[in-house]
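**Q** can you look at this prediction? I've put the sequence above it.
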Amino acid sequence: MNKLFIAAALATAFATPATVMAQAAPATAPSAAAPNPTVGAKVFGPDGVEVGTVEAVSGDVVTVYTGTARAGVPKNAFAMREKGLTIGMSKSQLEAAVNGAQAQNGAQKDAALVADAPVKSSDGKVLGTIAKVEGEDVTVTLTDGKAAALKKSYIGLGADGSLALGMTAADFAKATQAAASAQPGTEAGAGATAQSAATEQPSAQ
């Protein structure tokens, strides 16, 4: 089977941790209106000290980057306080939760990486199934029959414990289509191979 190498932009997308679902408790004071986290917005802890910034929003999951760790926080864990978006954890507490989730997810992910296991997008859609695992390389047979060679670090665990990537199904499709267009001479039935890319540390992986 021929393979198509996906550009670094796609590899970077996988760095978003889909598996680090650190649960932040809602801030105690009720908000007049439901908060709507947007990319770039600052996030504060219950003590009013900055925790990090919103790096991405995918469905009901908000990725908060503290500068050293990324956490997927449910939208319903946010409240609007005087300083802005607020969660019920300090920066150190959120980072500790991320580190703990990563350690636990690492062992669970290794156990879940078996042939025929489904791989989902961050919005819960099945992208394909595991074909084989060789060291840090994982081959996924996509739903359209193509093959995607991914690094193990690109794959995490979703909230339901299933294998997941840190991008939506729509974004994954766009990225693979863009990569195919950028690779002249690639056969229509070619698979997709994601090249290795450094992550900030995980995802949760």
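**A** Done, it's in.
**Q** when you work out contacts or count neighbours from here on, use the C-alpha atoms and nothing else.
**A** Will do.
**Q** residue 40 and residue 55 touch, don't they?
**A** Yes - contact between residue 40 and residue 55 holds when scored by C-alpha atoms under 8 Å: they sit 6.1 Å apart.
**Q** more neighbours, those two?
**A** Neighbours around residue 40 and residue 55, counted as other C-alpha atoms under 10 Å, are more numerous at residue 55. The numbers are 20 against 13.
**Q** which helix or which strand is home to the more buried one?
**A** strand 50-58 (DSSP states H and E).
**Q** which residues make contact with that strand from outside it?
**A** 37-45, 62-67, 90-91, 122-123, 167-168 (C-alpha atoms under 8 Å, 6 or more residues apart in numbering).
**Q** send me it as PDB with only the CA atoms.
**A** Extracted in PDB, the C-alpha atoms of strand 50-58 (Å, rounded to 0.1, in the frame of the first residue of the first chain):
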ATOM      1  CA  GLU A  50      -4.000  33.200  36.500                       C
ATOM      2  CA  VAL A  51      -3.900  29.500  35.600                       C
ATOM      3  CA  GLY A  52      -3.300  29.700  31.800                       C
ATOM      4  CA  THR A  53      -4.900  30.600  28.500                       C
ATOM      5  CA  VAL A  54      -7.500  28.900  26.300                       C
ATOM      6  CA  GLU A  55      -5.600  27.200  23.500                       C
ATOM      7  CA  ALA A  56      -8.500  25.500  21.700                       C
ATOM      8  CA  VAL A  57     -12.200  24.800  22.000                       C
ATOM      9  CA  SER A  58     -13.600  21.500  20.600                       C
END
